[in-house]
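K.L.:
pasting the structure only:
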């Protein structure tokens, strides 16, 4: 009887060890193992927005001939960005641009479309995803009494998330028209939209509204 009890205890111990080992091996798996099985989340909600021109800024970021001009998805956003640009100008909203490329010597003439070129004092040469870094953006927003910022440009996963998150963390309301931001492919746009809608930290998602250019009014 004693031997039987000992054997049962040993068997139970071995089973527990196997269960722990199996759990450990399962928890060690990473997202690459589940990549093909992951389902995309539901389509993010978009909302109409009505803005006050005097407290709103429109950012047009990195839309240059050298990058936007070779991205079909970026080229498709041009009429939408132009629509918002014209509405912002009419409402006397602040407009601000980042220019990149041309070996660090980009000018407004390098913009992808002359229909929404910057005016004097509205642009800086600034690379990277977060346009607050090394630029006068924060100074301009504060001086203008800006409370709400519309983000347009390319690439969505770069300037959209980078500058959009920077704005949200500084307390600005962030408006992202999905037909005015672009990436090299649709998946980058998809994960960027989801990050700003619900996937990112609450300090960001709580400040962001996704919309379309046709749903923005001043």
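P.N.:
That came through fine. Here the structure is a predicted model, which is why all the values come from computation and not from measurement. Numbering: from 1, shown residues only.

K.L.:
What's the local residue count around residue 145?
P.N.:
9 (other CB atoms under 10 Å). For the C-beta atoms, the positions are set from N, CA and C on the backbone; glycine is no exception.

K.L.:
Name the SS class of it, please.
P.N.:
On the three-state scheme (DSSP: H, G, I helix; E, B strand; the rest coil), residue 145 is labelled coil.

K.L.:
Am I right that it is in contact with residue 52?
P.N.:
No - using CB atoms under 8 Å, residue 145 is not in contact with residue 52, being 10.4 Å away.

K.L.:
Residue 51 and residue 205, how far apart?
P.N.:
Applying CB to CB, to the nearest Å, the value for residue 51 to residue 205 is 20 Å.

K.L.:
brain fart, residue 121
P.N.:
Applying CB to CB to residue 121 and residue 205 gives a distance of 33 Å.

K.L.:
Which of the two has more residues huddled nearby?
P.N.:
The neighbour comparison of residue 121 against residue 205 (other CB under 10 Å) goes to residue 205, with 17 against 9.

K.L.:
so the more buried one makes contact with residue 194?
P.N.:
No - using CB under 8 Å, residue 205 is not in contact with residue 194, being 9.9 Å away.

K.L.:
Next, the contact list for the residue positioned nearest the centre of the chain, please.
P.N.:
Centre of the chain computed as the mean C-alpha position; nearest residue by CA atoms, centre = their mean is residue 161, 2.5 Å away. Residues in contact with residue 161 (CB atoms under 8 Å, 6 or more residues apart in numbering) are 129, 192, 195-196, 200.
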